[in-house]
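Novice: Quick one: sequence and predicted model below, then my questions.
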Amino acid sequence: MRSDHEHPIRIVPHPARLRVIWNGKVIADTMDALTLHEAAYPQVAYIPRTDVDMTLLTKSPSKTHCPYKGDAQYFSLQFGSSTANNAVWSYETPLPSANSIARYLAFDPKQVEFIENNTT
């Protein structure tokens with residue numbers, strides 16, 4: 001399946017600086033996030049890997065499939081004795097409707113905090 005009028009997917013540049021905080025630690029800081037709008041779901045920010053502290057991510061065995069975006073690979077956050085399982089996901093080779101988020105990372109808003117501001 002693909003994005004269509006009944007299940008639209010729209011990906012646009014995020015309009016502000018976005019930081020992701022977990023356990024008081026900045027794990028991502030970017031001016032280059034993308035925002036994915038999908039049907040009636042809440043919007044999701046996708047962050048380039050170059051703006052993420054990848055040393056805190058561990059690949060998880062978890063994977064899911066979306067008929068509109070493709071297969072998602074999950075990552076857990078780990079720092080010291082703290083772990084947030086499957087808190088991050090990525091579409092390594094998404095379907096054409098979501099191609100611009102390829103290898104970007106999304107963070108579970110139930111496990112991290114997002115801080116947004118319009119200045120650098």
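Specialist: Arrived safely. The model shown is predicted, which means the values in this text are computed figures rather than measured ones. Residues are numbered from 1 along each chain as shown.
Novice: ok, now how distant is the most centrally placed residue in the chain from Ser81?
Specialist: For the chain, the residue sitting closest to the mean C-alpha position, by Cα atoms, centre = their mean, is Ala106 at 0.9 Å. Look at Ala106 and Ser81: by Cβ to Cβ, to the nearest Å, they are 25 Å apart. Where you see a C-beta, it was placed from the backbone N, CA and C, and this is true even at glycine.
Novice: repeat for Ala102
Specialist: Distance from Ala102 to Ser81, by Cβ to Cβ: 33 Å.
Novice: more crowded one of those two?
Specialist: A side-by-side neighbour count of Ala102 and Ser81, using other Cβ atoms under 10 Å, places Ala102 first with 13 against 5.
Novice: right, and that one touches Pro96 too?
Specialist: No. Using Cβ atoms under 8 Å as the test, Ala102 is too far from Pro96 to be in contact (10.5 Å).
Novice: Look up the residues forming beta bridges with the closest residue in space to Asn86 that isn't next to it in sequence.
Specialist: In space, and not counting its chain neighbours, Asn86 is closest to Tyr74: 4.4 Å by Cβ to Cβ, 6 or more residues apart in numbering. Taking DSSP bridges as the rule, Tyr74 bridges to Trp89.
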